[in-house]
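Enquirer: below is the structure, and that's it, no one-letter string:
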């Protein structure tokens with residue numbers, strides 16, 4: 001789950017969601033929710049909070065389910081509680097630069113190397129056109145093996 005927004009909201013919301021998903025797992029004999037069910041839980045919590053004290057967070061939630069024909073799924077949610085299943089996603093100012101690259105280059109059934117190449121194109125575009133010089137990026141891969149972290153650029157631990 002990738003979350004963006006004000007630090008207090010993103011920490012509160014992401015911890016709330018992760019703890020409730022863990023509670024569900026413990027209460028149901030180790031049964032984990034599918035990625036689709038997790039996305040609907042997040043969406044429901046964002047929509048419920050909208051009427052009380054809204055979380056100003058945007059969420060990209062991805063996961064791998066053996067029962068889904070394609071295996072992986074990605075959901076993009078905004079702070080108003082809208083949720084859409086997508087093939088790719090970006091949030092914030094970066095979306096102005098990255099979504100056009102993803103629209104042009106993404107294709108069904110691409111390999112991991114091709115997908116990482118698209119992300120590298122997005123990072124290069126941000127480094128060239130964005131006002132803030134961001135040298136540290138982390139690329140995360142979710143597949144049937146689990147979650148892996150790939151580095152891009154400088155090591156984030158160096159700063």
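Expert: Nice, thanks for sending it over. Here the structure is a predicted model, which means the values were calculated and not measured.
Enquirer: elements contacting the helix or strand bottoming out on mean pLDDT in the chain?
Expert: The least trusted helix or strand in the chain, going by mean pLDDT, DSSP states H and E, turns out to be strand 146-153, with a mean of 79. Counting contacts by 3 or more C-beta pairs under 8 Å, 6 or more residues apart in numbering; DSSP states H and E, strand 146-153 packs against helix 112-129, strand 136-143. To be clear about C-beta, it is placed using only N, CA and C from the backbone, and glycine gets the same treatment.
Enquirer: how far away from the center of its chain is the last one?
Expert: Using C-alpha atoms, centre = their mean, to the nearest Å, we find the averaged C-alpha position of strand 136-143 to lie 10 Å away from the chain's own average C-alpha position.
Enquirer: helices or strands next to that strand in the packing?
Expert: Strand 136-143 packs on strand 58-64, helix 112-129, strand 146-153, going by 3+ C-beta pairs under 8 Å, 6+ apart.
Enquirer: a markdown table for those, including mean neighbour count?
Expert: Shown next, in a markdown table, are the helices and strands packed on strand 136-143 (neighbours: other C-beta atoms under 10 Å):
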| stretch | mean neighbour count |
| --- | --- |
| strand 58-64 | 21 |
| helix 112-129 | 14 |
| strand 146-153 | 12 |
